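**Student:** Quick one: sequence and predicted model below, then my questions.
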Amino acid sequence: MTTQYFKIKSDRDAAQIESAAAILRRGGLLAIPTETVYGLGADGLNEDAVLRIFEAKGRPQDNPLILHIPDASWLARYCEDVPDAAYRLADAFWPGPLTMILPKAPMVPLRTTGGLDTVGMRCPDHAVTRAIIAAAGVPVAAPSANTSGRPSCTTAAHVRADMDGRIDGVVDGGDCAVGVESTIIDLTVTPPRLLRPGGLPLEKLRSVLGEVALDKAVTQQLSAGEQPRAPGMKYRHYAPRAPVTVVTGTGAESGRWLRAHVPDGAGLILFDEFAPLFPANEVRTIGSRRDKAEQARRVFDALRSFDDTDVTEIYAQCPDSEGLGLAVGNRLKKAAGFHTIDAHDGKCVVGLTGQTGAGKTSVLRALAAQGAFTVDCDAFYYERLRSDAALQADIEAAFPGVLCGGELDRQKLGTLVFDDPAALARLDRIVRSHLPRAAAKAVAASEANVAAIDAIKLIESGLAALCDVTVAITAPEETRVRRIMARDCIDEAHARARVRAQKDEAFYRERCDAVFENAYPSAAEAEAAAREFVYHLLRGSKEES
Ligand code: TXA
Ligand code: MG
């Protein structure tokens, strides 16, 4: 079968919409864009057409399809006893990523509903697709357009990869705006029950419905023989070929766990902030840790993309369950067969950064005085160069001859990378993959429940993402110049040159959670102020969590 591709820009493109609708009317299969994911559509009242959906997807026939309609006025045609709540939800959220389970009317074939006497109804927020359905004049049964078991399709290219040659047509409507499937609410039970978290957050449903129960299949793997209310929730789903492990906890916690535990080469699904910490892994980012809408848009593409690689294991960071996080986390967990690791470690990790001479050490000492485990990254680096066999081996492999008698010849290494940007980049990559791992392991192994990481490149290296709270330490330029002269025994011109070579204060202020202004004339005064600051900082971060 040759698949016909449509690119329909507007719901006023009547001729194109009519040719797409004709495929549906004559019982063909048409992939349609929606705001959530692409659907594999057919006339939901035509049993033969519906059968072809199951065949094209390789989907078990007990797994019901949902009907797509152009507006809420079609509800009464295909459902019986439509409760008032359905119209209230439609008013609030349709067109949009919400599917309602309602009692079906007799005209809806059991083949469509997988033998159930209820039917899922959805009005997608995609003007072209609504126009096609209206022109076809039939409700469109449409599961997600992926091959059964694979991650859902959020681009026309994904649909082509799974369905080319197996269906009559694909309407290319661009990338899906939401990226995870619709939220499914069962309105045939009291209280209404969430069967699948999706593009419409649970909090929004509750704002209209009041109490909403959570189906067990949303949060856990059902045991053999247990029947979820949404039959599709029982199947392994969304899975790339390599096994997936989901790591839960705050972003900092899952980041620390991953950095301490995953081997080089493993596949990783990460929030953007963590990518710099894993230069030797196959990384897919899904957006900032704070941007769940972006995570929803990108999660399926990330899962799919590993099938073009030879990674043998995949680990994923998981957002918390608020808002769209519930849906993103559910898709990741389903892809993992609910294989999860809880990275909660009960620690508070404080990151310290700022320009040289700003006086980070005062704050580090104050934290140590409170019992914190401390990592001074400069000292840590030189210590690892002496003691870390894996780091040394990688450096020796890249720069043969720098290791003599188990000791790294730092001077020789220095001459090899000096003036050679490519060599420096090679060394940087090695260090960037070893140091954060060593730091994360050391923090995890320490008994202390507070740890402090002091790094001038805390932000650039990505280490800041592993911290629960970050502190910028600042001091006026003149103070810094005097401190550098005294500390490093250099003259004023050199001290000023060093200060000029640094990022300005705003860089640190804008990127850290707290600021410690260290303009104190003596170390003793600085440390007294730092102790006070640290006391409040730790109390504050405890209250937050
Ligand atoms: O966003 C979406 O909902 C996408 C787009 C294409 O609209 N569609 C979609 O369909 O995700 P599908 O078939 O991949 O997932 C529908 C889920 C399945 O888990 C199915 O078991 C469940 O909805 N479902 C359908 N009808 C049901 C019913 N009457 N009772 C309980 N669950 C039902
Ligand atoms: Mg699906």
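**Tutor:** Alright, I've got the coordinates. Ligands and ions are numbered 1, 2, ... in the order given.
**Student:** switch to C-alpha atoms for all contacts and neighbour counts from now on
**Tutor:** Noted.
**Student:** In a strand, residue 321, correct?
**Tutor:** No. Under DSSP: H, G, I helix; E, B strand; the rest coil, residue 321 sits outside any strand and is assigned coil.
**Student:** Please renumber the chain so that the first residue is 19 from this point on.
**Tutor:** Yep, numbering from 19; the last one is residue 339 now.
**Student:** what are the phi and psi angles of it?
**Tutor:** When read as degrees, to the nearest 10, the backbone of residue 339 gives phi -90, psi 0.
**Student:** That one: neighbour count?
**Tutor:** 14 (other CA atoms under 10 Å).
**Student:** swap in residue 94?
**Tutor:** 12.
**Student:** for it, what are its contacts?
**Tutor:** Contact partners of residue 94, counting by CA atoms under 8 Å, 6 or more residues apart in numbering, are residue 100.
**Student:** where's the residue lying closest to residue 52 once chain neighbours are set aside relative to ligand 1, distance?
**Tutor:** Residue nearest to residue 52 in three dimensions, not counting chain neighbours: residue 144, with 5.3 Å by CA to CA, 6 or more residues apart in numbering. According to CA to the nearest ligand atom, to the nearest Å, residue 144 and ligand 1 sit 10 Å apart.
**Student:** Please give the number of neighbouring residues around residue 144.
**Tutor:** Residue 144: 20 neighbours (other CA under 10 Å).
**Student:** My guess is it contacts residue 50. True?
**Tutor:** No. Residue 144 lies out of contact with residue 50 (CA atoms under 8 Å); the separation is 9.5 Å.
**Student:** where does the residue nearest to residue 52 land on pLDDT?
**Tutor:** Note for residue 144: predicted pLDDT of 98.
**Student:** swap in residue 250?
**Tutor:** 80.
**Student:** what's the residue lying closest to it once chain neighbours are set aside sitting at in phi/psi?
**Tutor:** Once flanking residues are discounted, residue 250 sits nearest to residue 81: 5.5 Å by CA to CA, 6+ apart. For residue 81, the backbone dihedrals are phi -100, psi 110 (criterion: degrees, to the nearest 10).
**Student:** who's in contact with residue 81?
**Tutor:** Contacts of residue 81 by CA under 8 Å, 6+ apart are 131-132, 249-250.
**Student:** near ligand 1, which of these show up?
**Tutor:** Filtering the contacts of residue 81 for neighbours of ligand 1 using CA under 6 Å from any ligand atom leaves 131, 249-250.
**Student:** Pull the number of nearby residues for the residue lying closest to residue 394 once chain neighbours are set aside.
**Tutor:** With sequence-adjacent residues excluded and distances taken as CA to CA, 6+ apart, residue 394 is closest to residue 472, at 4.9 Å. Neighbour count of residue 472, defined by other CA under 10 Å: 26.
**Student:** Test my guess that residue 472 contacts residue 367.
**Tutor:** No. Assessed by CA under 8 Å, residue 472 is found out of contact with residue 367, at 10.7 Å.
**Student:** thinking residue 135 is in contact with residue 128, fair?
**Tutor:** Yes. Counting by CA under 8 Å, residue 135 does reach residue 128; the two are 7.5 Å apart.
**Student:** Which one's more surrounded, these two?
**Tutor:** For residue 135 versus residue 128, neighbours defined as other CA under 10 Å are more numerous around residue 128 (18 against 15).
**Student:** Excluding chain neighbours, what is closest to the more buried one?
**Tutor:** Closest to residue 128 by CA to CA, 6+ apart is residue 134, at 6.5 Å.
**Student:** tell me the SS of the one you found?
**Tutor:** coil.
**Student:** Residue 390 and residue 464 touch, don't they?
**Tutor:** No. Counting by CA under 8 Å, residue 390 sits too far from residue 464 to count as a contact (9.4 Å).
**Student:** overlap in contacts of those two?
**Tutor:** Between them, residue 390 and residue 464 share no contacting residue, judged by CA under 8 Å, 6+ apart.
**Student:** who has more neighbours, these two?
**Tutor:** Shown here are residue 390 and residue 464; by other CA under 10 Å, residue 390 has more neighbours (21 against 13).
**Student:** show me what contacts that one?
**Tutor:** With CA under 8 Å, 6+ apart, residue 390 has these contacts: 466-470.
**Student:** can you pull the pLDDT of it?
**Tutor:** On pLDDT, residue 390 comes in at 97.
**Student:** same thing with residue 425?
**Tutor:** At residue 425, pLDDT is 83.
**Student:** What residues are bridge-paired with it?
**Tutor:** Counting by DSSP bridges, residue 425 is bridged to residue 422.
**Student:** just the contacts of residue 390 now: which is nearest residue 356?
**Tutor:** Nearest to residue 356 among those, counting by CA to CA, is residue 467 at 29.0 Å.
**Student:** Which residue, other than its chain neighbours, is closest to the closest one?
**Tutor:** Residue 467 sits nearest to residue 365 (CA to CA, 6+ apart), 4.6 Å away.
**Student:** contacting residues for the one you found?
**Tutor:** 466-469.
**Student:** which one of the residues you listed has the most neighbours?
**Tutor:** Using other CA under 10 Å as the neighbour test, the contacts of residue 365 are led by residue 469, with 25 neighbours.
**Student:** contact partners of the lengthiest helix in the chain?
**Tutor:** When the chain is parsed with DSSP state H, its longest helix is helix 439-463. Helix 439-463 is contacted from outside by 274-275, 277-279, 295-298, 391, 393, 399, 402, 409, 412-413, 416, 434-436, 469, 479, 481, using CA under 8 Å, 6+ apart.
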